[in-house]
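[1] Below are the sequence and a predicted model for it; my questions follow.
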Amino acid sequence: MSEAFAGEVVLDRLLETFAAAEVDRVAERCEALRREHLMFCSHELRAVLDEARDEGLSRALLGLPGPALLRLLGAPETLAHLLAFHRGHRKPALAFLARAVEAERARDSRSAPRRPCWTALGDLHLRAEGSSYGAPRIDALIIDCRSPFARRPPSVGDALPQLDAGPTTDDDEAIVAKLGQALDALELVSPGAHALVVGSLITILPRKAARAEAGFTSASSRPRTGRATLFDADCPGVSTARIAAALVHEAIHSYLYRLEQSVDLVSSPRAAIERTLHSPWTGSELRLNTYVHACFVYFALVNLWRRPEARRFFDAAQVDELAAMAASGFAGGEHLARLESHRAYLHEAVDAQLVGMQGWVR
């Protein structure tokens, strides 16, 4: 696949991708964007190393074997620290990179590190005495319940200190099993949607919500592209259908974050964050770029829940409820009506596909 595929061509195929009809096409586009993302992260790393003038760290990074360097570069936490370096968080960013290099060296050589350290992916904790902890995986997705990145208190958001707040779930095995059930059912219902999740996400962080009454929700952030955080997914009342919907939701955010590293969905960066409008699905006030993401998210969910297999492999009543909710914002073209005064700021391919959604979801 040509390099050009990951920019404008991928942009022109968003409805086809998020309808998830052709699993091979979905997987190809996810892989194309993953490669572009690694190039973006590599550029950011080079900028940090050039500015830091730390020759020892530069040699250590460039001395890593190719697979180890790619693991480090692709980790959601790595990009967050690289971007934070330019906002003045130089010392924590460089310390993170040094620890991550040491962890990858120890992983590659199968030897104990000089000090306890976590990999940048949060998938492996290596101790000086030689023992280690490996995070569980499902379909290559890392389920990170224990790393310092997962244990940061939710209220801290994207702040850099790696605070050890203790376990993030009541039962790691139970949440891993529940996630596995959701992913298995998702693959049976829509292999394309499953391919979108495993091709766009890298890590899943099960978390306890800061407030018990907050209930199940999910979140992603642009600096940590590839990470989906699920709050209170281990609660008994949270169904596998809702977990599957959350994974698809956050996977689309990561897919679009990667695409936006080369193509602007909203032509004006200022308009993207300063113009706001209310979601026809939740009523929340959203920035323009977030609203555009939401349109694609709910378009994908309409297509997922309208598949005949959905009522077979998930609870039928829950599927009907989720399908109705996803379709509600498109009723009467409401998603477009709310955008009317903002459409001049959209990339023309994005605008065309937002209009085209209406024909798909009727």
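    Done, it's in.
[2] where exactly do the helices run in the stretch 51-200 of the chain?
    Remark: helices assigned in the stretch 51-200 of the chain by DSSP state H, counting those that start in this stretch are 55-62, 66-74, 76-85, 90-109, 148-151, 172-189, 191-200.
[3] Tell me, how many residues neighbour the residue nearest to Y255 when sequence neighbours are not counted?
    Spatially, and ignoring its direct neighbours in sequence, Y255 is nearest to S200 (4.5 Å; C-beta to C-beta, 6 or more residues apart in numbering). C-beta: built from backbone N, CA, C; applies to glycine. S200 has 27 neighbours, counted by other C-beta atoms under 10 Å.
[4] And R35, by the same measure?
    Neighbours of R35 (other C-beta under 10 Å): 15.
[5] so where's the stretch 51-200 of the chain shaky on pLDDT?
    152-170 (pLDDT under 70).
[6] re earlier: figure out which of the helices of the stretch 51-200 of the chain is closest to G130.
    helix 90-109 (9.9 Å; C-beta to C-beta).
[7] For I204, give its distance to M39.
    25 Å (C-beta to C-beta, to the nearest Å).
[8] for F330, that is, sorry about that
    Distance from F330 to M39, by C-beta to C-beta: 35 Å.
[9] Please apply the same query to R25.
    22 Å.
[10] So I204 and M39 - more neighbours on which side?
    Between I204 and M39, counting by other C-beta under 10 Å, I204 is the more crowded of the two (29 against 15).
[11] my read is that one is in a strand, agree?
    Yes - counting by DSSP: H, G, I helix; E, B strand; the rest coil, I204 is found in a strand.
[12] which residues does it contact?
    L141, I142, I143, D144, L179, R227, A228, T229, L230, L247 (C-beta atoms under 8 Å, 6 or more residues apart in numbering).
[13] Only alpha carbons, please: show the strand or helix carrying the last one as PDB.
    Secondary structure assignment for L247, by DSSP states H and E: helix 240-259. Taking Å, rounded to 0.1, in the frame of the first residue of the first chain, the C-alpha atoms of helix 240-259 are listed here in PDB:
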ATOM      1  CA  THR A 240     -20.700  -6.800  27.300                       C
ATOM      2  CA  ALA A 241     -22.700  -4.800  24.700                       C
ATOM      3  CA  ARG A 242     -22.000  -1.500  26.500                       C
ATOM      4  CA  ILE A 243     -18.300  -2.500  26.700                       C
ATOM      5  CA  ALA A 244     -18.200  -3.400  23.000                       C
ATOM      6  CA  ALA A 245     -19.800   0.000  22.200                       C
ATOM      7  CA  ALA A 246     -17.200   1.800  24.300                       C
ATOM      8  CA  LEU A 247     -14.300   0.000  22.600                       C
ATOM      9  CA  VAL A 248     -15.600   0.900  19.100                       C
ATOM     10  CA  HIS A 249     -16.200   4.400  20.300                       C
ATOM     11  CA  GLU A 250     -12.700   4.900  21.600                       C
ATOM     12  CA  ALA A 251     -11.100   3.100  18.700                       C
ATOM     13  CA  ILE A 252     -12.700   5.600  16.300                       C
ATOM     14  CA  HIS A 253     -11.200   8.500  18.300                       C
ATOM     15  CA  SER A 254      -7.800   6.900  18.000                       C
ATOM     16  CA  TYR A 255      -8.200   6.200  14.300                       C
ATOM     17  CA  LEU A 256      -9.200   9.900  13.800                       C
ATOM     18  CA  TYR A 257      -6.400  11.200  16.000                       C
ATOM     19  CA  ARG A 258      -3.900   9.400  13.900                       C
ATOM     20  CA  LEU A 259      -5.500  10.700  10.700                       C
END
